[in-house]
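Participant: fold the following and give me the result.
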Amino acid sequence: MKAAPFAYHRPGTVADAVSLLGELGDDAKILAGGQSLVPMLAMRLTHFEHLVDISRVEELRNIELRDGAVWIGAGTPHALVGMDDEVAESVPLLTLSTPHIGHFQIRTRGTLGGAIAHADPAAEYAAVALALDAEIEATSARGTRRIPAADFFTGLWETALSSDEILTAVAFPVWSGRCGFSVQEFARRHGDFAIAGATLAVQLDDDDTVARCGIGLLGMGSTPERAHPAESAVVGKRVGDISAEEVGRLAVSALDDIPADLQGTAAYRAKVCAAMVARAWTEATTSALETRSAVHA
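Facilitator: Residues are numbered from 1 along each chain as shown. Modelled structure (predicted):
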């Protein structure tokens with residue numbers, strides 16, 4: 001199929017882009033990498049009178065460490081995020097997540113900001129943003145504001161962005177000290193959307209007690225989810241006293257809108273997700289424990 005007719009705009013700056021959005025209102029849609037939007041337009045699952053293409057806005061392509069966070073411009077392609085040394089050092093969850101995103105062609109064209117703004121419940125970067133308490137920078141002609149990731153995803157493919165706002169950057173906090181990270185997901189084939197998955201970060205004190213933990217879940221609701229019950233249960237406990245299987249069970253215990261489709265029933269998804277969380281917990285805590293071993297070697 002072909003997309004319905006639309007007017008195409010290609011601004012050169014963020015200022016020009018937000019000016020256009022202010023003029024065009026709800027009839028306009030931002031086009032970044034287009035890896036999600038273009039297929040939806042082609043299948044006529046959605047339609048907009050105007051597309052505002054920001055893929056050539058160079059000020060949106062950057063990676064910067066400042067104020068204890070890695071700031072990534074919304075127009076930065078997945079591939080650049082995945083190969084950046086600063087990202088690998090400071091936000092390993094992003095580096096670990098990137099290979100799970102589609103295929104290399106998609107990672108070359110798709111952008112970090114586009115993936116998060118699309119708000120797919122199975123999106124890896126969205127789950128990372130939740131797990132790490134990232135902040136999303138939104139810009140309009142009225143100015144710039146920051147939105148906590150916990151408040152950003154409001155429904156299926158819906159976010160807290162206003163119609164005249166552009167997602168311009170995401171700030172991912174840097175976790176330091178004895179930390180471990182893991183991304184685990186299950187899909188029918190590599191490159192498919194995850195049936196279920198988890199992004200997990202854990203920080204340990206010197207006595208192997210869990211100081212903090214963040215767990216983002218993929219494919220388990222109408223929005224990306226965070227496993228608050230599991231996080232609360234492990235904080236303050238020694239790693240050796242925690243069962244990975246129990247962490248997995250708690251991670252899905254409070255979910256009440258697990259989707260059921262051709263990929264599997266809600267019960268099946270819950271079982272798979274619990275297993276992915278358990279694997280992620282084991283890998284992340286093992287890595288954090290080895291950090292101490294390396295320091296004292």
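Participant: give me every residue that touches the closest residue to residue 17 other than its chain neighbours.
Facilitator: Excluding the flanking residues, the one nearest residue 17 by C-beta to C-beta, 6 or more residues apart in numbering is residue 11, at 4.3 Å. C-betas here are computed from N, CA, C, even on glycine. Residues in contact with residue 11 (C-beta atoms under 8 Å, 6 or more residues apart in numbering) are 17, 19-20, 52-54, 57.
Participant: model confidence score at residue 11, please.
Facilitator: We have a pLDDT of 96 for residue 11.
Participant: again, but for residue 192
Facilitator: 85.
Participant: equivalent analysis for residue 27, please.
Facilitator: What the model reports for residue 27 is a pLDDT of 89.
Participant: distance-wise, check it relative to residue 47.
Facilitator: 10 Å (C-beta to C-beta, to the nearest Å).
Participant: quick revisit: now the residue nearest to residue 17, what's its secondary structure?
Facilitator: What DSSP: H, G, I helix; E, B strand; the rest coil gives for residue 11 is coil.
Participant: just residue 45 next, same as before
Facilitator: coil.
Participant: show me the contacts for it.
Facilitator: By C-beta under 8 Å, 6+ apart, no residues touch residue 45.
Participant: in the stretch 51-200 of the chain, which spans are strands?
Facilitator: 63-66, 69-73, 135-140, 143-148, 153-155, 158-159, 166-173, 178-186, 196-204 (DSSP state E, counting those that start in this stretch).
Participant: out of these, which one sits most buried?
Facilitator: Greatest average neighbour count among the strands of the stretch 51-200 of the chain goes to strand 196-204 (a mean of 28), per mean count of other C-beta atoms under 10 Å.
Participant: partners of that strand in the sheet?
Facilitator: Next to strand 196-204 in the sheet, as set by DSSP bridges, lie strand 178-186 (antiparallel), strand 210-218 (antiparallel).
Participant: what's the angle from the helix or strand where residue 23 lies to strand 135-140?
Facilitator: Assigned by DSSP states H and E, residue 23 belongs to helix 14-24. Helix 14-24 and strand 135-140 are oriented at 60 degrees to each other (axes from the mean of the first three to the mean of the last three C-alpha atoms, to 10 degrees).
Participant: quick one: mean pLDDT over helix 14-24.
Facilitator: In this model, helix 14-24 has a mean pLDDT of 95.
Participant: report the buried residues of that helix.
Facilitator: 14, 17-18, 20-21, 24 (16 or more other C-beta atoms under 10 Å).
Participant: which SS class is residue 5?
Facilitator: Note that with three-state DSSP, the state of residue 5 is coil.
Participant: burial count for it?
Facilitator: Counted with other C-beta atoms under 10 Å, residues neighbouring residue 5 total 7.
Participant: with the one 3 residues further on instead?
Facilitator: Neighbourhood size, residue 8 [other C-beta under 10 Å]: 9.
Participant: could you do the one 5 residues further on as well?
Facilitator: Residues contacting residue 13 under the criterion other C-beta under 10 Å number 14.
Participant: what's the spacing between it and residue 60?
Facilitator: In terms of C-beta to C-beta, residue 13 sits 10 Å off from residue 60.
Participant: got the CA positions of the helix holding residue 23 in PDB?
Facilitator: Extracted in PDB, the C-alpha atoms of helix 14-24 (Å, rounded to 0.1, in the frame of the first residue of the first chain):
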ATOM      1  CA  VAL A  14      15.000  23.000  15.900                       C
ATOM      2  CA  ALA A  15      13.700  26.600  16.000                       C
ATOM      3  CA  ASP A  16      12.300  26.200  12.500                       C
ATOM      4  CA  ALA A  17      10.800  22.800  13.400                       C
ATOM      5  CA  VAL A  18       8.900  24.000  16.500                       C
ATOM      6  CA  SER A  19       7.800  27.100  14.600                       C
ATOM      7  CA  LEU A  20       6.200  24.800  12.000                       C
ATOM      8  CA  LEU A  21       4.600  22.600  14.700                       C
ATOM      9  CA  GLY A  22       3.100  25.700  16.200                       C
ATOM     10  CA  GLU A  23       1.600  26.800  12.900                       C
ATOM     11  CA  LEU A  24       0.400  23.400  11.800                       C
END
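Participant: go ahead and name everything in contact with that helix.
Facilitator: Residues from elsewhere that reach helix 14-24 (C-beta under 8 Å, 6+ apart): 9, 11, 28, 30, 49-50, 52, 54, 57, 59-60, 139-141, 163-166, 168.
Participant: so where's the stretch 1-150 of the chain uncertain?
Facilitator: Counting by pLDDT under 70, the stretch 1-150 of the chain has low-confidence residues at 1.
Participant: hey, what's the angle from the helix holding residue 23 to strand 69-73? Just curious.
Facilitator: Using the same axes, to 10 degrees: helix 14-24 against strand 69-73 is 60 degrees.
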